[in-house]
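**Student:** Fold the stuff below for me.
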Amino acid sequence: MVEFVRGKLLTGPSVAILGSILLIVGGILGISLPEMQVVMAFFPILYVTFVLPIILGLIGIAGAVLTIIQKKFTNFVIIIVGLIAVIGIFIPIFLAFPLVMSFIYIDPFLILIGGILSVVIQEE
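**Tutor:** From the prediction side, this is the model:
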């Protein structure tokens, strides 16, 4: 899990990429369930629950990749995406459906931890 690219420790972006991939998988699995498609036919607002994690996951991966290639301030993008995802899993929009559907409820925290690690462990 600890890699070096040009002398930079990549633990934070690696954790953020893992959390982003899990978030994307959760969104894709949720939107592809036949039971959910029946429910979403009656309540189209639930599409937000499954599309938002895919969008946040893609932004998280883009931020982590940009952090790896050493663009400035991209680790804050990872933190913002992680905060939106963490807050979103606790906000219900319809009965028991949260704003951001996650795979195993740890993936938003992985993105947030990866962003914090990428800020704390910076290049000398």
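**Student:** Excluding chain neighbours, what is closest to residue 21?
**Tutor:** Spatial nearest neighbour of residue 21, excluding adjacent residues (Cβ to Cβ, 6 or more residues apart in numbering): residue 57 at 6.9 Å. Using the backbone N, CA and C atoms, a C-beta is placed for each residue, glycine as well.
**Student:** Wait, that neighbour touches residue 18, no?
**Tutor:** No - contact criterion Cβ atoms under 8 Å: residue 57 and residue 18 do not qualify, at 10.7 Å.
**Student:** okay, those two: which has more neighbours?
**Tutor:** For residue 57 and residue 18, the more surrounded residue by other Cβ atoms under 10 Å is residue 57, and the numbers stand at 29 against 18.
**Student:** for the more buried one, what are its contacts?
**Tutor:** 20-24, 27 (Cβ atoms under 8 Å, 6 or more residues apart in numbering).
**Student:** which residues of this protein score low on pLDDT?
**Tutor:** 1-8, 123-124 (pLDDT under 70).
**Student:** before we move on, the earlier item: now the residue nearest to residue 21: which helix or strand?
**Tutor:** Under the criterion of DSSP states H and E, residue 57 resides in helix 47-68.
**Student:** how far does stretch 92-102 stretch from start to finish?
**Tutor:** One end of stretch 92-102 sits 13 Å from the other (Cα to Cα, to the nearest Å).
**Student:** Next, the buried residues of it.
**Tutor:** Within stretch 92-102, the residues scored as buried using 16 or more other Cβ atoms under 10 Å are 97-102.
**Student:** Many thanks, I have nothing further to ask.
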